[in-house]
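> Show me how the following folds:
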Amino acid sequence: MAESDKVFAGSVPEIYDSYLVPLVFESFAADLARRFAAAKPKHILETAAGSGVVTRALAPLLGEDARYVVSDLNPPMLDRARSRQAPDARIEWRHADALDPPFGDDFFDVACCQFGVMFFPDRVAGYREARRVLKPGGRFLFNTWDAIEHNDFARVVTEAAATVFPDDPPCFMARTPHGYHDVGQIEEDLRQAGFSTVEIATIEETSRASESCIPAIAYCQGTPLRNEIEARDPARLKRTTDRAAEATASVHGERPVSGKIQGHVVLASG
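Next up is the predicted model:
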């Protein structure tokens, strides 16, 4: 993973939250929140919370006595999450690294991470830390995307970007968000971290937008793909976005548009 893959700064958090979250994250966040709420947890840790889509889905489902720590490595993303959440005494916002969480052992009932583990530089270490802060019998629940071939908009945008930079195509989407999809590897990593029970389900959803430019803006300007594009040529960000919108329209129509998205939901315990 390139160092720029972890940078969510400048206008990226706002574009990410406004465009990408409704496009691909909200349905998975609602599913994750329902799975968590069913266990009626009282002490919850969320790592790599991003702009807070899971927080917004889960907080209303928790009891009044719940304590919910929401953390992220990127202060701009955490600031965006905090700004979108109504005041809630149950929520504590923490700037924290999932690989070095500043929490004691055996503290949380559950831990969650929506589409964040792909960014861990050492996933086994991150999983080991999640297990450390969980109480005995606690549960770790997270999502990771399936291969880019199963995610229509991400694939089309990546292919379009490659036509703008044919000699050095920006591959952030395939490399990082969609680069950790092998369920066998995921299970092996979790067991190496000490989890004894691992359940993995693959979920297919439909991503929808009012027009073809929305997936293009979401991915080209609201993710670290933007960092890759601008590192090559800042002047070609608009051209790449326009090319991605044209490619999306050619495959899915101009308005409205819909495409397949697919990811894994992983539950680890023990």
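> Pull up the gap between the residue nearest to residue 105 when sequence neighbours are not counted and residue 269, please.
Excluding its sequence neighbours, the residue lying closest to residue 105 (CB to CB, 6 or more residues apart in numbering) is residue 132, at 5.6 Å. (Glycine included, C-beta is placed from N, CA and C.) Separation of residue 132 from residue 269 (CB to CB, to the nearest Å): 14 Å.
> So which of the two has more stuff around it?
Taking other CB atoms under 10 Å, residue 132 and residue 269 do not tie; residue 269 has more neighbours (18 against 15).
> Name the residues linked to that one by a beta bridge.
Beta bridges link residue 269 to residue 139, residue 197 when assigned by DSSP bridges.
> Pretty sure it sits against residue 195.
Yes - Residue 269 is within contact range of residue 195, at 6.5 Å (criterion: CB atoms under 8 Å).
> okay, and the common contacts of these two?
residue 140 (CB atoms under 8 Å, 6 or more residues apart in numbering).
> What count of nearby residues applies to residue 192?
Residues contacting residue 192 under the criterion other CB under 10 Å number 12.
> Pull the contacting residues for it.
Residue 192 neighbours (CB under 8 Å, 6+ apart): 124, 127.
> quick one: it from residue 124, how far?
Distance, residue 192 to residue 124, by CB to CB: 5 Å.
> Next: residue 45.
From residue 45 across to residue 124, the span is 18 Å (CB to CB).
> In terms of packing, which of those two has more residues around it?
Taking other CB under 10 Å, residue 45 and residue 124 do not tie; residue 45 has more neighbours (29 against 15).
> For beta bridges, what are the partners of the more buried one?
The partner residues for residue 45, given DSSP bridges, come to residue 69, residue 111.
> Now tell me what touches stretch 152-165 from outside.
Residues outside stretch 152-165 that contact it (CB under 8 Å, 6+ apart): 23-24, 145, 148-149, 169-171, 173-174, 177-178, 207, 215-216, 218-220, 225, 229, 232-233, 236, 239-240, 243-244, 246-248, 251-252, 259-261.
> Buried ones among these?
23-24, 145, 148, 170-171, 173-174, 177-178, 207, 215-216, 218-220, 225, 229, 232, 236, 240, 243-244, 247-248, 252, 259, 261 (16 or more other CB atoms under 10 Å).
> Would you mark the buried spots in whichever strand or helix holds residue 79?
Using DSSP states H and E, residue 79 sits in helix 75-84. Within helix 75-84, the residues scored as buried using 16+ other CB under 10 Å are 76-78, 80-82.
> Generate JSON lines for these, with distance to residue 40 and pLDDT as supplementary columns.
Formatted as JSON lines, these follow (distance: CB to CB, whole Å; pLDDT from 0 to 100):
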{"residue": "76", "distance to residue 40": "33", "pLDDT": "92"}
{"residue": "77", "distance to residue 40": "28", "pLDDT": "91"}
{"residue": "78", "distance to residue 40": "26", "pLDDT": "94"}
{"residue": "80", "distance to residue 40": "29", "pLDDT": "93"}
{"residue": "81", "distance to residue 40": "23", "pLDDT": "95"}
{"residue": "82", "distance to residue 40": "25", "pLDDT": "96"}
